[in-house]
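Chemist: No letters, just coordinates:
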DNA sequence: ATAACATTTGGTTATTTTGCTAAATAAGAA
DNA sequence: TTCTTATTTAGCAAAATAACCAAATGTTAT
């Protein structure tokens, strides 16, 4: 693995790592159709507001979402639509695991 | 978020988390064309054999790769080909980030 | 059985991540 | 200005992760 390769792989890993949390995946899902303010997002999730804010910050730093202020609220939107297709492949892995499990029984 | 949803999102996050490491991404890349034994994989990477083995174990537990023994060697292969397409979307995120950065300069 | 090889597992330590509470900012309303 | 609402930041403790070394396992050859 070259130095150049390592840099590239680390960048990819950073994006994946940002997605790799149930709450953050949920947030991405919520932003699928339309942008949302933080208050709307915290409503649906059972964790603290500050925790949600931190998760949003992680996603934003990874370039997965972006934000804009409108009055008191801050609205978040999805930056890269193809992420949703990506997740369907993740689902494939899970289904395959499930059927492999089933085969063992 | 319902209990059911949380379970599903946690499963997805687990797959993404397994991928979210430069060495593991490199390993997945190596398995893209053909299966490989551990000795072939450790050759290309600068870390300890035991560390590589542990990374392979993480990928295997996530159902991303699988292994078979042939004599003294253990061969690993990719379980879900669509993962490679998935990573091209991750690359999109990175490129978009780069061009956003460039715009600022 | 012993030796040599390929790989995994266990133990340790350093680092990172997570989620909470409390405090800080930012914007609008009174 | 002061109050209220919306959101972020800081600080902390618990849990998870990563990398190394050493020891254990499984396989083939002697």
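Modeler: Good, I have the coordinates. Keep in mind that this is a model prediction, so the values were computed, not measured.
Chemist: What score does residue A:81 have for pLDDT?
Modeler: With respect to pLDDT, residue A:81 scores 78.
Chemist: For stretch A:16-25, give the mean pLDDT please.
Modeler: 96.
Chemist: what's in contact with it?
Modeler: By CB atoms under 8 Å, 6 or more residues apart in numbering or on different chains, the residues outside stretch A:16-25 that reach it are A:28, A:45, A:47, A:51-52, A:55, A:58-59, A:61-62, A:64, A:83, A:87, B:6, B:9-10, B:12-14, B:16-17, B:19-21, B:25, B:90. Bear in mind the C-beta positions are built from the backbone N, C-alpha and C, glycine included.
Chemist: near DNA strand C, which residues of chain A?
Modeler: Proximity of chain A to DNA strand C (CB under 7 Å from any atom of the strand) is limited to residues A:17, A:20-21, A:23, A:47-48, A:50-51, A:54-55, A:58, A:69, A:71-72.
Chemist: In helices, which of the residues you listed appear?
Modeler: The helices, defined by DSSP state H, take in A:17, A:23, A:50, A:51, A:54, A:55, A:58 from the residues of chain A next to DNA strand C.
Chemist: Report how many residues lie close to the fourth one.
Modeler: Same thing as residue A:51. 13 (other CB atoms under 10 Å in any protein chain shown).
Chemist: Any idea how many residues pack against the closest residue to it other than its chain neighbours?
Modeler: Distance criterion CB to CB, 6 or more residues apart in numbering or on different chains; nearest residue to residue A:51, sequence neighbours excluded, is residue A:23 at 7.6 Å. The tally of other residues near residue A:23 (other CB under 10 Å) stands at 22.
Chemist: Equivalent analysis for residue A:87, please.
Modeler: 20.
Chemist: you'd agree residue A:38 is up against residue A:70?
Modeler: No - here residue A:38 does not reach residue A:70: they are 11.5 Å apart, not a contact under CB atoms under 8 Å.
Chemist: how about the residues of chain A that lie near DNA strand D?
Modeler: Listed as neighbours of DNA strand D in chain A under the rule CB under 7 Å from any atom of the strand: A:37-39, A:42, A:49-50, A:52-54, A:56-57, A:67, A:72-74.
Chemist: ok, which pair from those residues is furthest apart?
Modeler: Pairwise distances across those peak at 19.6 Å for A:54 and A:72 (criterion: CB to CB).
Chemist: More neighbours: those two, which one.
Modeler: A count of neighbours by other CB under 10 Å puts residue A:54 above the other of residue A:54 and residue A:72, at 14 against 7.
Chemist: per-residue pLDDT, the more buried one?
Modeler: Taking residue A:54 on its own, its pLDDT is 98.
Chemist: the bottom helix or strand of chain A by mean pLDDT?
Modeler: helix A:82-104 (a mean of 79; mean pLDDT, DSSP states H and E).
Chemist: which residue packs closest to residue A:39, ignoring adjacent ones?
Modeler: residue A:73 (6.6 Å).
Chemist: which residues does the one you found bridge with?
Modeler: residue A:70 (DSSP bridges).
Chemist: That one: how many residues sit nearby?
Modeler: Neighbours around residue A:73, by other CB under 10 Å: 12.
Chemist: what's in contact with the helix or strand containing residue A:43?
Modeler: Per DSSP states H and E, residue A:43 falls inside helix A:38-44. With CB under 8 Å, 6+ apart as the test, helix A:38-44 has contacts from A:26, A:27, A:30, A:49, A:52, A:53, A:56, A:73, A:74, A:76, B:1.
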